[in-house]
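# next come a sequence and a model predicted from it.
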Amino acid sequence: MIRLLTTTACAVLALSGPAFANKVFVSNEKGNTISVIDTADWSVLTEFHGGNRPRGITISPDGKLLYVCASDDDLVRVFDTETYEELYTLPSGPDPELFVLHPSGNPLYIANEDDNLVTVVDTETHTVLAEVPVGVEPEGMAVSPRADFVVNTSETTNMAHFISTADYDIKHNVLVDQRPRYATYTSDGTRLYVSSEIGGTVSVIDIAEDGTPTMNQKLTFEVPGVLPEWLQPVGVKVTQDGSRVFVALGPANRVAVIDGESLEVLDYIIVGQRVWQMAFTPDEKYLITTNGNSNDVTVIDVAAEKPLQSIQVGQMPWGVAVTPN
């Protein structure tokens with residue numbers, strides 16, 4: 001069921017709806033389900049079983065396959081995005097949490113929280129290509145636009161590890177703040193953002209032409225009336241042109257808006273309770289957030305930087321992915 005915020009918001013959606021209808025897939029961590037939303041009218045199409053404790057979620061470049069980290073099953077489940085049928089599973093280590101696909105769609109790089117390894121899996125042969133030892137409690141994963149490096153963040157070691165995709169060796173380690181949860185590159189590959197949940201910061205790391213990282217600065221957040229310990233950065237998304245950076249602030253129930261050039265915090269968007277992960281629609285008109293404690297997602301108008309509506313999904317929504325055009 002859709003809960004509209006205002007009549008005005010409804011009118012805005014009607015006038016500025018996406019040119020192409022896409023599907024939004026939301027992993028419900030506690031409900032063990034995947035919710036599917038149609039961006040044409042923001043209706044919930046269906047909900048299907050996603051394995052035990054589904055968290056990380058992504059879609060193949062051709063839009064045909066949905067990959068889900070079934071954390072308590074210790075594997076990755078793969079579904080058809082049209083029929084929602086489970087097609088097969090892929091191996092991983094214990095407690096896979098987040099992963100990232102190579103831009104070509106193969107291989108898949110998986111962070112396994114319980115064994116301090118990044119598992120590299122061939123998505124065509126369904127075999128493990130490599131296991132890369134990293135820090136304690138690996139979570140965040142990002143691949144550079146040139147696909148020469150894949151980055152893993154380790155929650156307890158408080159580092160971002162830069163792994164060469166050529167030989168799966170760690171070439172660089174960058175110390176960040178406490179409990180790094182998410183990492184993402186800008187589309188040109190010149191910058192990496194790493195969120196630190198307990199540290200309350202986002203590390204801005206500049207990337208040289210050869211892939212060498214250098215810490216630029218650490219962004220902090222301050223919201224009147226919100227306790228500092230509630231400002232817990234988790235998901236991070238950057239627009240294609242790099243002009244805006246959006247940061248999910250967990251129990252602060254807000255998404256920070258950052259100027260990608262000046263790195264100034266411009267505003268805070270109020271969303272649902274315990275905002276976790278985020279995903280753009282392909283045209284970047286909308287940003288969808290998962291709100292774990294209110295069991296809903298928020299649709300944000302990216303240009304206006306305002307919330308438009310909330311949509312009820314399953315229990316404890318965690319990850320979100322949108323099909324490409």
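That came in fine, so what should we check first? In this text the structure is predicted, and so the values were computed from the model without any measurement.
# measure stretch 97-107 end to end?
In terms of Cα to Cα, to the nearest Å, the two terminal residues of stretch 97-107 are separated by 17 Å.
# what's next to that stretch, contact-wise?
For stretch 97-107, the surrounding residues in contact (Cβ atoms under 8 Å, 6 or more residues apart in numbering) are 55-56, 58, 60-62, 67, 69, 71, 76, 108-113, 120-124, 129, 138-143, 145, 147, 150, 165, 182. Any C-beta I mention is one placed from the backbone N, CA and C, and that applies to glycine too.
# for stretch 180-187, same thing?
Contacts of stretch 180-187 with the rest of the structure, by Cβ under 8 Å, 6+ apart, involve 98, 139-145, 151-155, 158-160, 191-197, 199, 203, 207, 233-238, 240-242, 260, 277.
# can you select the buried ones from these in ChimeraX?
Selecting only the buried members of these in ChimeraX, with burial defined as 16 or more other Cβ atoms under 10 Å, works like this:
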select :98,139,140,141,142,143,144,151,152,153,154,155,158,159,160,191,192,193,194,195,196,197,199,203,207,233,234,235,236,237,238,260,277
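# per-residue pLDDT, Thr89?
On pLDDT, Thr89 comes in at 98.
# follow-up on the earlier one: please flag which of the contacts of stretch 180-187 sit within strands.
When the contacts of stretch 180-187 are checked against strands using DSSP state E, the ones located there are 98, 139-143, 151-154, 159-160, 191-196, 203, 207, 236-238, 277.
# got a list of what Thr119 touches?
With contacts taken as Cβ under 8 Å, 6+ apart, Thr119 has the following neighbours: Pro91, Ser92, Gly93, Pro96, Tyr109, Ile110, Asn112, Val128, Ala130, Glu131, Val132.
# out of these, who has the most neighbours?
For the contacts of Thr119, the largest neighbour count, defined by other Cβ atoms under 10 Å, is 31 neighbours, found at Pro96.
# fine by me, we can end here.
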